[in-house]
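**Q** can you look at this prediction? I've put the sequence above it.
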Amino acid sequence: MSSSEKLRPMLVFADAAGNIYDHPELEMLVRRGDQLGTPRPDELIPLPPESELFLLPGRSALGFDPESGEVEELEEMAVAAFVSPGHTLSATTAYASRPGSPTLPLFAYGAVGIVGERFYVCAKRVDQDQRQVFTGVPKKKITSGAKALMERFPKNRLVSHLAGCALTSCCPAARNLALGRFEAPLPTSRVCNARCMGCLSLQEKDSGFPSTQNRITFRPTPAEVCEVMLAHSERESRPILSFGQGCEGEPLTEAALLAEATKLYRSKGGKGTVNVNTNGSLPDTVESLKEAGFDSMRVSMVSARAPLYEAYTRPQGYVFADVARTVANAKAAGLFVSLNFLYHPGVSDTEEELEALGALIEGSKADFVQLRNLNLDPELYGRIVTGSVGYGASMGLQNFMKRLRKRCPWLKYGYFNPYLGIDAA
């Protein structure tokens with residue numbers, strides 16, 4: 001097929017036994033917010049390596065009939081793609097839920113179709129970093145690395161916790177720590193001051209889906225944290241050391257511990273980028289972190305529109321204005337500031353969101369936007385959206401990125417926390 005030809009992927013669906021088929025007549029259909037449509041020519045890419053296909057129980061596959069121009073519903077199950085890290089979805093899979101369908105677990109559900117024998121998804125690669133690619137890495141190497149850390153630090157509870165994350169939960173960050181490469185995770189906080197609908201480490205019993213990670217159950221000492229930091233920096237020439245992980249609450253609630261551990265690390269000659277991933281709820285903690293030796297801060301948000309942000313995040317004791325102040329304070333203090341923008345097609349790429357996010361970045365001079373996918377059942381998120389801001393027209397991921405950068409030309413895009421000795425792409 002020549003590059004000038006328009007790809008027309010066919011619908012894929014699954015039977016009750018989990019076998020995946022392609023439809024001989026119906027084409028791939030996608031969803032953006034509350035709208036169904038066909039893929040845009042500029043958003044189709046081959047399914048990236050290390051991606052996964054999911055079957056969606058209780059949900060019928062929807063396809064597009066090019067002859068009639070109608071949407072057709074199949075009896076068979078819908079199929080979705082979870083694209084590998086570094087890629088951002090520009091459309092979610094199209095399906096119709098049947099009565100009693102279960103809430104989907106905490107993943108992102110990308111639209112997927114097939115051309116010949118090749119799967120295609122609607123997504124864009126936003127980061128070339130190989131940080132979470134483990135192809136070719138033997139499992140025994142991860143196991144031996146984790147065990148070596150536990151043998152070296154037998155009394156360090158944080159080491160034991162992270163070794164468990166690497167070996168049991170297969171956490172990419174913990175596996176990288178075991179391998180001594182890239183970014184080291186530093187969970188510290190048992191509690192959180194938000195109740196995010198898509199929280200990875202703690203879910204209410206009636207949520208309908210389990211958390212995907214176990215929250216840390218102890219408060220590590222500064223010495224325990226510093227040992228992990230030093231051990232990682234011995235093996236990685238460009239270390240990134242990040243507080244704020246999926247297996248903990250909000251790290252700024254432990255700001256004093258973070259500062260003390262980082263001061264200790266720097267006093268021992270600790271190098272590299274020290275970062276905190278945060279919900280940005282406590283703006284008055286920023287200065288102490290900068291003084292302790294922090295380099296960067298990543299603030300997570302599902303939206304820069306306060307009603308949607310607060311409906312999803314359900315903050316306890318703070319509001320979105322505090323988050324905006326944290327972003328501004330961090331940049332004013334001299335930190336490199338990233339926004340972890342949890343992207344959802346048809347919600348994040350609207351005129352209303354572009355204006356709100358653009359104003360936040362323009363006013364604070366934030367440096368970087370990480371375009372990560374929102375991991376949540378699309379219908380559950382849809383109820384949050386309609387109950388707060390409502391849907392708008394989707395302009396598409398690529399248009400959204402171009403227009404945001406036109407407003408804020410210094411802005412960089414990516415998926416991972418950058419090592420600050422390397423220019424972000």
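**A** Sure thing, it's come through. Residues are numbered from 1 along each chain as shown.

**Q** find the centremost residue of the protein, please.
**A** Among the residues of the chain, the one closest to the centroid is Arg372, at 3.9 Å (C-alpha atoms, centre = their mean).

**Q** contact partners for that one?
**A** 88, 340-343, 415 (C-beta atoms under 8 Å, 6 or more residues apart in numbering). Every C-beta, even on glycine, is put in place using the N, C-alpha and C of the backbone.

**Q** again, only this time at 7 Å
**A** Counting by C-beta atoms under 7 Å, 6 or more residues apart in numbering, Arg372 touches 340, 342-343, 415.

**Q** now, which of those sits nearest Lys402?
**A** Of all the contacts of Arg372, Lys402 sits closest to Tyr343, with 14.9 Å by C-beta to C-beta.

**Q** I'd like to know how many residues surround that closest one.
**A** Using other C-beta atoms under 10 Å, Tyr343 is surrounded by 23 other residues.

**Q** pretty sure it sits against His87.
**A** No: if you go by C-beta atoms under 7 Å, Tyr343 and His87 don't touch, sitting 10.9 Å apart.

**Q** what stretches of the chain score poorly on pLDDT?
**A** Residue ranges of the chain with pLDDT under 70: 1-5, 207, 209, 422-425.

**Q** just the helices from the stretch 251-400 of the chain, written as ranges.
**A** 255-267, 286-292, 306-313, 320-332, 351-364, 378-386, 397-407 (DSSP state H, counting those that start in this stretch).

**Q** go through these and name the closest to Asp129.
**A** That would be, of these and by C-beta to C-beta, helix 397-407, which comes in at 17.4 Å.

**Q** now do the buried residues in that closest one.
**A** In terms of neighbour count (16 or more other C-beta atoms under 10 Å), helix 397-407 has its buried residues at 397, 400-401, 404-405.

**Q** kindly reformat those residues as CSV containing distance to Glu250.
**A** CSV is the format used below for the buried residues of helix 397-407 (distance: C-beta to C-beta, whole Å):
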residue, distance to Glu250
Leu397, 29
Phe400, 28
Met401, 29
Leu404, 27
Arg405, 30
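
**Q** can you tell me which of the residues you listed lies nearest to Ser189?
**A** Here the nearest of the buried residues of helix 397-407 to Ser189, counting by C-beta to C-beta, is Leu404; it sits at 31.1 Å.

**Q** what sits up against the host helix or strand of Gly164?
**A** Assessed by DSSP states H and E, Gly164 sits inside helix 157-167. The contact list for helix 157-167, computed with C-beta under 7 Å, 6+ apart, reads 142-143, 146, 149-150, 153, 171, 174-175, 177-178, 185, 216, 218, 220, 224-225, 228, 247.

**Q** list the residues that contact the nearest residue to Val385 once chain neighbours are set aside.
**A** Once flanking residues are discounted, Val385 sits nearest to Val347: 5.5 Å by C-beta to C-beta, 6 or more residues apart in numbering. Applying C-beta under 7 Å, 6+ apart, we find Val347 in contact with 33, 385, 391.
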